[in-house]
Structure formats: structure tokens, C-alpha cells
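Q: with the input below, show me the fold.
(one chain, ligands or ions: 2)
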Amino acid sequence: MTVPTTREQCAALDAADPLGPLRKEFTLPADAVYLDGNSLGVLPVRTPEVVRRTVEEEWGQGLITSWNAAGWTELPHTLGDRIAPLVGAAAGEVLVCDSVSVNLFKILTAALRMRPGRRTVLGERDTFPTDLYIAEGVTGLFDGARSVLLGSLDELDEQLAGGDVAVVLLSHVDYRTGVLLDMAEITERVHRAGALMVWDLCHSAGALPIDLTACQVDFAVGCTYKYLNAGPCAPGFLYAAPRHHAAVRQPLTGWFGHAEPFSFKPEYRPTEGIGQFLTSFPPLLALAGLRATLEIWEQVDLAQVRAKSLALTELFMGRCAQLGLEVVTPAEPERRGSQVALRHPDGFPVVQALIERGVIGDFRAPDLMRFGFTPLYTSYTDAWDAAEALREVLASGEWQAERFHRRGAVT
Ligand SMILES: Cc1ncc(COP(=O)(O)O)c(C=O)c1O
Ligand SMILES: Nc1c(O)cccc1C(=O)C[C@H](N)C(=O)O
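A: Ligands and ions are numbered 1, 2, ... in the order given. Here you go, the predicted model:
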């Protein structure tokens with residue numbers, strides 16, 4: 001697709017966009033361009049009704065009978081099965097539960113147990129910090145274990161050659177720069193060295209096609225509140241390759257991972273399959289948001305999502321480069337996720353000034369302005385208008401106003 005050079009051309013692309021009709025499925029903020037769906041996705045129009053039904057009918061009327069009658073008991077599995085096609089997995093391989101951090105704790109601990117002769121967890125220094133904090137917490141529980149942080153992936157082979165790496169944990173798309181890693185190639189390299197591979201899919205699930213099966217990935221985690229639009233703090237998901245189901249043992253052995261939770265036996269006996277990763281039951285009302293949004297995802301062709309995502313990011317990056325901004329996100333499509341990072345020493349106040357103009361992105365320290373492109377509801381004219389607003393903010397110098405320098409607890 002040739003990159004549009006006028007707003008009219010963007011409007012023409014919107015009119016012809018095969019994903020265009022899905023935009024009406026979402027409640028978008030009035031008079032704003034929302035480019036932060038890579039942090040918190042928007043509200044699907046159908047979600048309030050699904051939440052209402054869950055609260056008033058299933059809880060209010062059905063009460064405890066809803067565990068069986070409304071299928072509550074099976075939700076971590078049935079919702080996992082519905083996420084599976086989005087990540088290239090089969091039914092029975094994905095489970096919805098807990099947060100990404102907690103799921104990582106379970107998986108990294110299980111992975112270290114699966115490689116008893118090896119004690120190193122390898123990650124990248126610039127990964128989203130909770131992943132590193134969890135790796136540190138996990139290695140602290142094993143004698144002689146340590147987490148080693150790569151300054152760059154160029155150091156991966158050297159570390160693997162040492163023969164002590166039990167597990168490698170990487171983000172498929174970097175939360176700051178938007179760099180997309182080659183899942184197949186890296187997983188193969190890690191396997192050749194005898195280690196296990198865990199991918200964090202937070203910034204790729206729902207943003208691009210993923211094929212965990214073809215890449216022979218061992219384990220993966222992801223969240224549902226970004227591109228998948230399940231709602232603030234909605235539960236995460238985890239994937240475990242079926243070849244590991246028999247041997248794997250996760251440490252948070254709560255009653256819902258038991259083979260017979262309602263037998264109330266004093267000894268723990270894990271259920272078979274992916275269900276053994278359950279600890280307790282995920283917050284039922286938060287699952288309602290996921291139930292609702294997955295109805296939309298079932299209509300989506302991820303190849304169309306990827307094509308539009310690349311076109312939107314290319315358009316926005318090109319316009320921003322013309323403003324003289326440093327574009328940190330790679331130009332090569334195969335190395336780019338669905339977000340754009342721009343470096344600016346005063347990125348924080350610039351983003352606040354943009355937000356006041358109705359373009360909502362965010363800032364990640366030390367100097368990156370970050371804009372997420374979510375093809376189900378971001379249009380070509382949105383991308384065009386956002387770049388125009390950025391041009392005006394920079395040209396006017398309005399970002400220098402004192403009010404744009406005040407920071408809240410959450411950025
Ligand atoms: C890459 C990545 N991993 C993990 C998390 C944390 O997830 P959770 O809050 O569900 O533990 C986030 C963002 O919240 C993230 O961007
Ligand atoms: N999960 C978040 C939250 O509860 C509050 C604020 C931000 C978040 C995020 O998801 C941040 C996100 N992982 C990031 O890429 O920066």
C-alpha cells in the first residue's frame with residue numbers, strides 16, 4: 001500500500017478499510033484520538049450488557065447455581081480456548097487466570113524445576129520490569145540460581161554457550177521501543193542450547209498474528225487488557241506446550257488446580273493438562289469483560305490487523321520523521337510491533353500537551369513518547385490527525401507551560 005500524503009487520501013483508505021466496520025463496536029472518547037490501547041484498551045460497546053447480565057442475572061438471580069448452570073467453572077478453560085487461535089495454540093493449551101506477573105512466577109519456577117542441572121534465568125535488561133522482578137524473586141528461591149540480564153540480544157549466544165541457562169524470558173514486542181523479535185529463530189536458538197523459552201506476549205497478543213505452535217514455544221504469558229480490550233486489570237493468560245503438560249509442576253498449588261477440588265482431600269494432586277496452572281478462581285466479574293470482547297475477536301482476521309497496523313505505523317512514523325523527530329521504532333516491518341516510539345528530551349510535557357489537544361499517547365522514561373495503534377478502532381485519519389497535533393504542539397512550544405510538567409502516580 002502506498003503511504004497516504006494527504007488527509008483526503010487517509011479518509012479514502014478508511015472508507016475502503018475491511019476492518020472499518022468494527023470501529024463501531026467500541027466506545028471511543030469523544031473528540032479524542034486514543035493511541036494508548038497498548039496500555040489500556042478501550043471499552044467494547046457490548047461489554048456493559050455482558051457485565052450487567054453477569055452481575056444481575058448470573059450472580060443476582062442464579063447465585064451459586066451459576067457455577068454449573070452458567071458455565072462459570074469452565075471459564076478459565078473456555079476463555080483460554082477462545083484466546084488460543086489469536087496466539088497460534090490449540091484448545092487445552094491456554095488458560096485464563098491471575099496477572100501476567102503471577103503467571104510468570106508459576107512458569108519460571110516450573111521451568112527451573114524442569115532443568116535441575118541448570119540455574120540461570122536469562123532476560124533482557126530493558127524488558128518490562130515486572131518480568132525481571134519476578135525472575136529475581138524466583139531465582140531467590142533456588143540454591144545457586146541467578147537471573148542474568150542481557151544488555152542486548154547480541155550477547156544471547158555467549159550466555160547460552162555457558163551451558164547453565166535453564167530458561168530464557170523475552171518480550172515478543174518491546175513495551176518501549178516497539179521492537180518485534182523473531183520468535184521462531186530465537187526459540188530455535190534457545191532450544192539448541194538445551195534451554196526452555198518463555199515469551200511475554202503483552203504487546204503482541206491482538207496486535208499481530210502469533211504462532212506459538214509453529215515456533216515450538218515452551219511457555220508464554222500475556223495480558224487481556226491491552227489490545228484485547230477486556231478491561232482494566234482483567235486477568236492474564238498463560239500458554240504451556242502440550243508436550244510439557246505431563247512433567248510440569250507449578251508452585252502455587254491452590255485448590256482449583258487440584259484434580260478434584262470438591263473432594264476436599266488434604267493432599268494436593270494436580271489435575272491433568274493446562275488446568276494444573278490454576279491456583280484459585282480468577283475474579284468472575286472481570287472475566288465478563290473478556291467474554292464480551294472475545295465475541296468481537298472471533299470476527300477478526302489477524303492478517304488484516306497486521307496489514308493495517310503496519311500501514312498506520314508507517315504513516316505516523318513518516319509524518320513524525322518529517323517533523324525532525326527521532327523515530328526509535330524500526331522501519332523494517334518484520335521488526336516492528338504495533339506501536340511507535342519517538343525520542344524527545346522533553347517527551348513527558350510534549351505528551352501532556354498532546355493529551356490536552358485530544359491525542360492520547362503516553363511517555364516512558366527516560367525520553368520516549370509512545371503511541372499505540374490498534375487497528376480495530378484506530379483509523380488512518382486518526383494517525384494523520386495525531387501527527388498534525390504533534391506538529392502544532394512542537395511548533396507552538398505550548399508544551400513548555402508549567403502545567404504539563406506535573407506528574408501523577410501513573411503515567
Ligand atoms: C510486557 C509486560 N509484561 C507484564 C506486564 C504486567 O502485567 P501484570 O500487571 O498483569 O502483572 C506489562 C504491563 O502491565 C507488560 O507491558
Ligand atoms: N497495567 C497498567 C496499570 O494497571 C496501570 C498503568 C499502566 C499499566 C500498563 O499496562 C503499562 C504497560 N504494561 C506498559 O507497557 O507500560
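Q: in the stretch 51-200 of the chain, what residue is nearest ligand 2?
A: In the stretch 51-200 of the chain, the residue found nearest to ligand 2 is Tyr175; the distance is 3.7 Å by CB to the nearest ligand atom. Any C-beta I mention is one placed from the backbone N, CA and C, and that applies to glycine too.
Q: so that residue is in contact with His203, correct?
A: Yes - under the criterion of CB atoms under 8 Å, Tyr175 makes contact with His203 at 5.5 Å.
Q: overlap of the contact sets of these two?
A: Counting by CB atoms under 8 Å, 6 or more residues apart in numbering, the shared contacts of Tyr175 and His203 are Asn38.
Q: which one's more surrounded, those two?
A: Counted by other CB atoms under 10 Å, Tyr175 and His203 do not tie: His203 has more neighbours, with 28 against 24.
Q: skipping adjacent residues, who's closest to the more buried one in space?
A: Val173 (3.8 Å; CB to CB, 6 or more residues apart in numbering).
Q: how close does that neighbour get to His244?
A: As judged by CB to CB, to the nearest Å, Val173 and His244 stand 24 Å apart.
Q: which one of these two is surrounded by more residues?
A: Neighbours were counted for Val173 and for His244 using other CB under 10 Å; Val173 has more, 23 against 14.
Q: and the more buried one, what are its bridge partners?
A: Listed beta-bridge partners, Val173: Leu180 (assigned using DSSP bridges).
Q: so what's the residue count around the closest residue to ligand 1 within the stretch 201-350 of the chain?
A: With CB to the nearest ligand atom as the measure, Cys202 is the residue of the stretch 201-350 of the chain nearest to ligand 1, at 3.6 Å. Here the number of neighbours of Cys202 (other CB under 10 Å) works out to 25.
Q: so it sits in a helix?
A: No - secondary structure assignment (DSSP: H, G, I helix; E, B strand; the rest coil) places Cys202 in coil, not in a helix.
Q: residue numbers of this structure in contact with ligand 2?
A: Residues of the chain lying near ligand 2 by CB under 6 Å from any ligand atom: Ser39, Phe128, Tyr175, Cys233, Val410.
Q: widest-spaced pair of the residues you listed?
A: Of all pairs drawn from the residues of the chain next to ligand 2, the greatest distance, 17.0 Å, lies between Tyr175 and Cys233 (CB to CB).
Q: got the residues of the stretch 201-350 of the chain near ligand 1?
A: Residues of the stretch 201-350 of the chain lying close to ligand 1 by CB under 6 Å from any ligand atom are Cys202, His203, Cys223, Gly236.
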